[in-house]
Structures are given as structure tokens and as C-alpha cells.
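[1] show me the folded form of this:
(chains A and B)
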Amino acid sequence: MTPEPILPSARWRPAEAAIWIVPVACFFLFPGYRVLGSQVFITALFALSLDLVLGYAGILTLGHAAFFGLGAYSAGLLAAHGWGEPISGLAAGALVAACAGFAVSFLVVRAEDLTRLMVTLGIGLLLYEAANRAAAVTGGVDGLSGVAVGKVLGIFAFDLAGTTAYAYTLAVLFAVFVAARRLVASPFGLSLRAIRENRARMPAIGAPVGRRLVAAFTVGAAIAGAAGALLAQTTQFVGLDALGFNRSAEILVMLVLGGAGRLYGALVGTAVFMLAQDRLAGLDPVYWQFWLGLLLVAFVFLAHGGILGAVDALARRAASRRRGGTRP
Amino acid sequence: MIGVLFDGLAYGSLLFLVSLGLSVQMGLMKFVNLAHGAFAMAGGYACVLAMSRLGMPFLATLPLAFAASAAAGAVLERLLYRRLYGASALDQVLFSIGLAFMSVAAATYFFGAAQQPLRLPDFLRGQVRLGGTDFGIYRLFLLAVVAALTLGLAAVVGRTRFGAQVRAAVDDARTARGLGIDVDRVFLLAFALGSGLAGLGGALGIEVLGLDPSFPLKYMVYFLLVVVVGGAGTLAGPLAAAMILGVCDVAGKYYLPQAGAFAIYAAMVLLLLAFPAGLLGRRA
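    Take a look at the predicted model:
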């Protein structure tokens, strides 16, 4: 008798393929929404990076936009100073953010929840102020303009309709997602989840807690930087809000909305959030902020695992009813 | 030089007044309340409304500001906050950010996005000259009020039965409950008191901090900073931290205006790393 496998199955399920067909179909069905679509993919990538840090490694952070902004400014500055090749710009953004994330991670890993919260918040505010003050380099409040990005792979130029941006961002999102999926299904990913569940016990089985968390935080920062770089390249502009606290808070909302710690939660939450925002922001941004707040409060009390958590619970209930009404 | 120090102390005393409730929440209920600034804002709006709509004098609106925020705090504690004591830090953060967002939107909806004007009574305006330096009368008034309140609170916490119950609950809520202390009631009263003090601080602070709907988010970091640097659950820790922060912030803006808030944030990260439990914090 073979023992039950400890690692989660890494095989692709049909439902997953269905999820990935949706954006491809939308490309053809809604050509007018390609610009919005590319923004959704970029934000989903950002949410994915937070999912690795918060959902899997359990590191509570309120300053994740710092790495997003670093990636955006790195790629934006490169392109503004004549290096317009997108793929290398993307790599540069991710690399800069990864280096910063690596440096910061040592401060974050040492601390406890509340101190972590404050340290990440402080570092995010620090970078925001730095970008605000260094107006000669970053453009300050006016933002960084003059970002001239070349053709993707030397063939596809960025267009106003967002066709290239849509395909480019979706491709990057998919590639990173596949890598992240492998990562969380690996023994490394399993150890992250174990640290999240019980940090005190992990050293007892020989797991280097600090090193694992440093690695997870660095990877998360790199992906956030890539998302920022994508934003700079597709919009050809970097605003100060790329680093702002609101962005850190919003991405947290999107992740929790979809369901943290399950990768697809980041994608679903971002898509639902941004499409709703696109519909409702026409009313009034003030109303939007109110509903956003209400949504957060409601989710904490009512729907703990987010959208996908609710779907899971419904599926489990249906399954137990089929088996004869006994709850698992 | 003395003028900067004085302004910094007045600013710090305001920060202390508002942050005190947060210190109680984080020390007593172990609750990370990012919406604490909303209670201060509520007090500020109560003061402005009472003056403009009801024609009340400034000093008479201050108890009203306290009462309005304390009532709001008590109701929310009963209905919502109480359910999240002992929840994960993530849940508390999400909930309180949501509450802060809602308060910002509600304030914009009802009062508009503009700064609220405040006309101080004549006897609180102007300057007095003491020993060759000009002191703002309002700031002297602020320092006096906060000093009196602090002494009063120290007496309440140190000498009354309620104070003893609060201290027991901070030390170990379970044991306190086992000894027959009604910890839920202590939590409710402490929460209302903290919210009320924040409201009072918000009303007193209109002249110094300003009052507009973005208030809860704009000063959130400062309030958290006071508590985290000072150490939650004490009186002296946040007091020291608020004074240091106030003086540093005013001095930074005065002597190094180009650095902006940079110095404060850098100091905060370094202090947090050097003193994870706060300057005068209780070591866990």
C-alpha cells in the first residue's frame, strides 16, 4: 500500500484550464476592454506576489507597494533614459525590487506581527517620501513621464488599443503563475505553510525558519517589482501613487476578497475588484471608498476565506450531502 | 530654539491625548485599531458642528466632543470590535482599515472635502512674552489641559478600583476574569474612555492638526507610532514617545524642511528595530 502523498498534487485540473481560457476568450470577445484587461493582469500579478508573502508565508505587510513602486520606477527610469527594451526592463524592475526585498526581509523576519506591520508600513512611507522629494529623478508629484518603451521581442509595438499590452501582461502573468504554482507545491512551499501555521515548532524538525521567510519575502518582492515594471511599460508613466499606502491597502483587499493562500484567490479577487471598480467608480470615488470599507468589514465577519473560500465551503457541503448528510 | 521645543511639546501632547486610547486598545484588548483616528475626527466634527450650528462657545463644545466619540466608541465596541478580540492581526487590520475608509467617505459625504475652519475665542489667541520668547496662548492652554488630564488619568489608573481592574486585565485577562472581575465591562469602559479622549484630542487639535476627511489616514501612522514606540498598555511610554515624536517632527520641519517626513519614518523604523517592545514597553 502506497502512503498518502504529503505534497499537494501538482497536476493541472480541468477547472484551472477553464480559468485561463477566460482571459484569452475576452481578448477576442471584448476588444474594447483590452487596456482595462492589461491593468487587471498587472494588479493580479501584484496580488499574486502578496499571496506568496501573506497567504503562504503568513507575513503581514502594509508596505508591499514599496516593491511595486521600486519596480515601476526602475523600469520607467531605464526606459526614460534610452533603454526601452521591455523584457530586460521587466527583469531590471524585478531585480531591483528583489534586492530591496532581500535587504528589508531581515528586518521583517525578526519582528512579530505588530512590529512587522509598522516596519513594512514605515518602509513604504519612507520610499514614498524619498520619491516625492527626489523630484529631479522621479518627477515628484507630477510623476515620471517620457517613458519610451520599445517593441516587445522587437516585433510588437505598444498601441493605444492595448492589444500588445494585453497579450504581453497576460503572458508574463501566466509564466509567473506557473512558476509560483510549482513553488508552493514544492517542499519549500509546504514548509512556508507550516511556518505560517506554527512557527515555534518548525525549528524542532530542522527547518531554518528565518532563511525560508527571507526567501519567500524576496521572491514576493521580485514579483511585485515585475508587476510595477509592467505598469510603467504599458502606461508609459509612473505616478507617485505607485508607492502609496492606498495601493498597499487595496492589494490586501483584493487578495482577501479572492481568498488568501490559494493563488487563484489573487486572480479572482483582483478581477472582481477591478471590474466592480470600473463600473462603480463612474458614480463617485467617495462612494467607492465607502463600499470598499463596508466590503472589508463584511468579509472579516461573514466570508472568511474570500470568494474561493465560499465556493469551497459550498462544494464541501454539496459533497457531504451526497454522501448522506454527515458533515466532514 | 525654545520656541521650537515648546511647539513640539504642544504638538506631542495632542498626539499623546489621541494615542492614549489606542495604547489601551493595543495593550488591554491586544487589538490593532487602524481606525482610531476616526474617533478623533468624530470629536473634531462634533466640536465644529456645535459651534457653527448651535452657536456654542469653543470650550463648551469640548465635553460634547468627548461624549460624542465615547458614545460612538462604546456602540462600535459592543457591536463589532468585541467579536474580534483574539482574532488574527490580519482580521483586525482589515476590519479597522475598512472602518477607517468608511469614516473618510462618510465625512466627505456629510461635511465636504475641505478643511474645517475654526475660530478660537479671543482669550485663546495671540502670544504672551515670557523671558524673551513668544509663546502661543493656545499652545499653553493645550499643554495645561493635557497635563491636567494626564495627572487625572494617572490618579484613576493608579488609585481607583476601576484602575486596578484595568491594570489586572492588562496583566492577564484570563486570571482577572477568574478573580471575578467583569473584564467585558472593563473593556467596554476602557474603549469608550479611549475613544472619548481621542475625540477630545481631535477637537483640541483642529487648530494644530487641521480637520478634513482624510484625517484618520493622514495621522494613523503617527498614532500607531506613539503607541508602538512607547509601548502599549502604559501611560508613561506613550507620553515619552509622543513628546519625542512631536519635538522631532516640529524641529525637522523647521530646520530641515526639504527632508519632510523622511526623518520621522526613518527614526521610526530604527526605533522599532532597536526596541521591539517599545521604549518603556512591557517585555512579553
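
[2] CA atoms for contacts and neighbours, from now on please.
    Will do.

[3] okay, now residue 60: neighbour count?
    In the absence of a named chain, chain A is used. The local packing of A:Leu60 (other CA atoms under 10 Å in any protein chain shown) involves 24 other residues.

[4] you answered for a different chain; I wanted chain B.
    Applying other CA under 10 Å, we find 12 residues neighbouring B:Ala60.

[5] what do you get for the one 3 residues further on?
    When neighbours are defined as other CA under 10 Å, B:Pro63 has 16 of them.

[6] wait, what's in contact with the nearest residue to it once chain neighbours are set aside?
    Leaving aside its sequence neighbours, B:Pro63 sits nearest to B:Leu200 (CA to CA, 6 or more residues apart in numbering or on different chains; 7.4 Å). Contacts for B:Leu200 (CA atoms under 8 Å, 6 or more residues apart in numbering or on different chains) come out as B:Leu17, B:Val18, B:Ala40, B:Gly43, B:Gly44, B:Leu62, B:Pro63, B:Ala65, B:Phe66.

[7] report the separation between B:Thr160 and chain A.
    The span separating B:Thr160 from chain A equals 31 Å under the rule CA to the nearest CA, to the nearest Å.

[8] count of residues packed around that residue?
    Neighbour tally, B:Thr160, other CA under 10 Å: 12.

[9] for the strand or helix carrying the residue nearest to B:Pro63, buried residues please.
    Secondary structure assigned from DSSP states H and E places B:Leu200 in helix B:183-204. By 16 or more other CA atoms under 10 Å in any protein chain shown, the buried positions in helix B:183-204 come out as B:183, B:186-204.

[10] ditto for stretch A:204-216
    A:Ala207, A:Val209, A:Gly210, A:Arg212, A:Leu213, A:Val214, A:Ala215, A:Ala216.

[11] so which strand or helix has the third one?
    Element membership for A:Gly210 (DSSP H and E) is helix A:209-235.

[12] and the next helix or strand past that helix?
    Heading C-terminal from helix A:209-235, the first helix or strand you meet, by DSSP H and E, is helix A:245-258.

[13] what ranges in the chain fall below the confidence cut-off?
    Defaulting to chain A. By pLDDT under 70, the weakly predicted segments of chain A are A:1-10, A:281-283, A:285, A:303, A:324-328.

[14] wait, chain B
    Along chain B, segments meeting pLDDT under 70 span B:232-233, B:259-260, B:276-284.

[15] stretch B:216-225: end-to-end distance?
    Terminal residues of stretch B:216-225 are spaced 14 Å apart (CA to CA, to the nearest Å).

[16] in it, what's buried?
    Applying 16+ other CA under 10 Å to stretch B:216-225 flags B:Pro216, B:Leu217, B:Tyr219, B:Met220, B:Val221, B:Tyr222, B:Phe223, B:Leu224, B:Leu225 as buried.

[17] those: which ones sit near chain A?
    Applying CA under 8 Å from any CA of the partner chain to the buried residues of stretch B:216-225, one finds that B:Leu224, B:Leu225 fall near chain A.

[18] how about TSV for the buried residues of stretch B:216-225, with secondary structure added?
    Output for the buried residues of stretch B:216-225, formatted as TSV (DSSP: H, G, I helix; E, B strand; the rest coil):
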residue	secondary structure
B:Pro216	helix
B:Leu217	helix
B:Tyr219	coil
B:Met220	helix
B:Val221	helix
B:Tyr222	helix
B:Phe223	helix
B:Leu224	helix
B:Leu225	helix
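
[19] which SS state does whichever residue of chain A sits closest to chain B fall under?
    At 3.6 Å from chain B, A:Gly293 is the closest residue in chain A, using CA to the nearest CA. Under three-state DSSP, the three-state class of A:Gly293 is helix.

[20] burial check on it, number of neighbours?
    Other residues lying near A:Gly293 total 25 when counted by other CA under 10 Å.

[21] would you confirm that it contacts B:Leu99?
    Yes. At 5.9 Å, A:Gly293 counts as touching B:Leu99 under the criterion of CA atoms under 8 Å.

[22] what does stretch B:76-86 rub up against?
    Counting by CA under 8 Å, 6+ apart, B:Met29, B:Lys30, B:Phe31, B:Asp91, B:Gln92, B:Leu188, B:Phe191, B:Ala192 sit against stretch B:76-86.

[23] what does chain A put close to chain B?
    So far as CA under 8 Å from any CA goes, chain A lies against chain B at A:60, A:107, A:111, A:113-115, A:118-119, A:122-123, A:125-126, A:129-130, A:133, A:253, A:286-287, A:289-297, A:300.

[24] residue contacts, the residue nearest to B:Ala173 when sequence neighbours are not counted?
    If the residues on either side of it in the chain are set aside, B:Ala173 comes closest to B:Val183, at 7.0 Å by CA to CA, 6+ apart. B:Val183 makes contact with B:Gln165, B:Ala169, B:Ala173, B:Ala176, B:Arg177 under the criterion CA under 8 Å, 6+ apart.

[25] do the same with A:Leu90
    A:Leu90 neighbours (CA under 8 Å, 6+ apart): A:Gly71, A:Ala75, A:Ala226, A:Ala229, A:Leu230.

[26] now with 7 Å, please.
    A:Ala75, A:Ala226, A:Ala229, A:Leu230 (CA atoms under 7 Å, 6 or more residues apart in numbering or on different chains).

[27] among those residues, which pair sits farthest apart?
    Largest separation among the contacts of A:Leu90 by CA to CA: A:Ala75 and A:Ala226, giving 8.9 Å.

[28] which residues do the two both contact?
    If you check A:Ala75 and A:Ala226 against CA under 7 Å, 6+ apart, the residues they both contact are A:Leu90, A:Gly93.

[29] how many residues are close by the closest residue to chain A within the stretch 1-150 of chain B?
    Going by CA to the nearest CA, chain A is nearest to B:Gly98 of the stretch 1-150 of chain B, at 3.6 Å. Using other CA under 10 Å, B:Gly98 is surrounded by 28 other residues.

[30] please apply the same query to A:Ala18.
    Neighbour number of A:Ala18 under other CA under 10 Å is 10.

[31] and it, how far from A:Trp83?
    Distance from A:Ala18 to A:Trp83, counting by CA to CA: 38 Å.

[32] likewise A:Pro14?
    41 Å.

[33] these two - which one has more neighbours?
    Between A:Pro14 and A:Trp83, counted using other CA under 10 Å, the more crowded position is A:Trp83 (17 against 8).

[34] name the SS class of that one, please.
    coil.

[35] can you tell me the distance between the two ends of stretch B:194-212?
    21 Å.

[36] roughly how far is it from the heart of the chain?
    Between the centre of stretch B:194-212 and the centre of its chain there are 8 Å (CA atoms, centre = their mean, to the nearest Å).

[37] likewise stretch A:29-40?
    Distance of stretch A:29-40 from the chain centroid (CA atoms, centre = their mean) equals 19 Å.

[38] could I get the buried residue list for that stretch?
    For stretch A:29-40, burial by neighbour count (16+ other CA under 10 Å) applies to A:Arg34, A:Val35, A:Leu36, A:Gly37, A:Ser38, A:Gln39, A:Val40.

[39] which one of the residues you listed sits closest to A:Gly154?
    Using CA to CA, those come closest to A:Gly154 at A:Ser38, 19.7 Å.

[40] hang on, the earlier thing: any idea how far the helix holding B:Leu200 is from the chain center?
    10 Å.

[41] name the nearest residue to A:His306, ignoring sequence neighbours.
    Wrong residue type there; residue A:306 is Gly, not His. Counting by CA to CA, 6+ apart, A:Gly259 is the residue found nearest to A:Gly306 once chain neighbours are left out, at 4.1 Å.

[42] many thanks, have a good one.
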